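Undergrad: Sequence and predicted structure, then a few things I'm wondering about:
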Amino acid sequence: MGDWSRGLITDRESLIRLVRRGEWNHLYFSHVLREKRGLRLVQDGTVHVLRDGKGQCRAGLYISHGGALHCCFEPSELRGDDIRGLERLLTGRAFFSFIGRKDRIDLIEELCNPGESHMVDYDLMVREAKAPPADDLGGDVVIRPAGRED
């Protein structure tokens with residue numbers, strides 16, 4: 001256990017299940033599972049996965065060729081050998097950006113020791129229930145799904 005390996009196209013369904021456990025928590029990671037002529041592992045980089053004893057993905061990372069790292073794991077679910085494997089995977093790589101929830105990035109930074117950095121916090125809004133009709137809000141407020149024009 002603790003062996004992070006390159007994600008394969010055969011991992012896609014397992015990765016989708018992993019992301020669906022809390023997609024709002026995996027900012028951008030689901031984007032690497034693009035749909036275009038079927039789901040595929042794509043983009044300008046590599047997906048690395050940590051599999052359980054049954055071959056199912058239980059953690060994932062996306063590292064772009066340019067050095068952006070996107071996390072898809074729960075730090076509390078990683079064991080000591082998983083973290084040591086993650087450290088081996090990250091050692092010697094040059095990163096310009098870590099993207100993800102603070103507890104995940106704190107772990108990555110602890111392993112990478114990137115030196116001087118600048119953190120940008122953001123609020124991620126999550127809709128937990130069906131949005132109320134616009135007339136319940138009153139005034140000029142309208143709730144609608146965001147589109148490309150936004």
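TA: Done, it's in.

Undergrad: Leaving out sequence neighbours, find the closest residue to residue 16.
TA: residue 33 (6.2 Å; CB to CB, 6 or more residues apart in numbering). Heads up, the C-betas are built off the backbone N, CA and C, glycines and all.

Undergrad: What about that neighbour, how many residues nearby?
TA: 22 (other CB atoms under 10 Å).

Undergrad: shouldn't it be in contact with residue 18?
TA: No. Taking CB atoms under 8 Å as the definition, residue 33 is not a contact partner of residue 18, at 10.0 Å.

Undergrad: quick revisit: I'd like the distance from the residue nearest to residue 16 to residue 99, if you could.
TA: 16 Å (CB to CB, to the nearest Å).

Undergrad: What of residue 71?
TA: 7 Å.

Undergrad: intersection of neighbour lists for the two?
TA: residue 105 (CB atoms under 8 Å, 6 or more residues apart in numbering).

Undergrad: the more surrounded of those two?
TA: Per other CB under 10 Å, whichever of residue 71 and residue 99 has more neighbours is residue 71, with 25 against 17.

Undergrad: tell me the contacts of that one?
TA: Contacts of residue 71 (CB under 8 Å, 6+ apart): 26, 29, 60-61, 98-101, 104-105, 108.

Undergrad: try it again with 7 Å
TA: Residues in contact with residue 71, defined by CB atoms under 7 Å, 6 or more residues apart in numbering, are 61, 100, 104, 108.

Undergrad: how about the helices in this protein?
TA: 12-20, 80-90, 102-112, 134-137 (DSSP state H).

Undergrad: Tabulate these (TSV), appending distance to residue 67.
TA: Below are those laid out as TSV (distance: least, CB to CB, whole Å):
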stretch	distance to residue 67
helix 12-20	22
helix 80-90	11
helix 102-112	11
helix 134-137	42
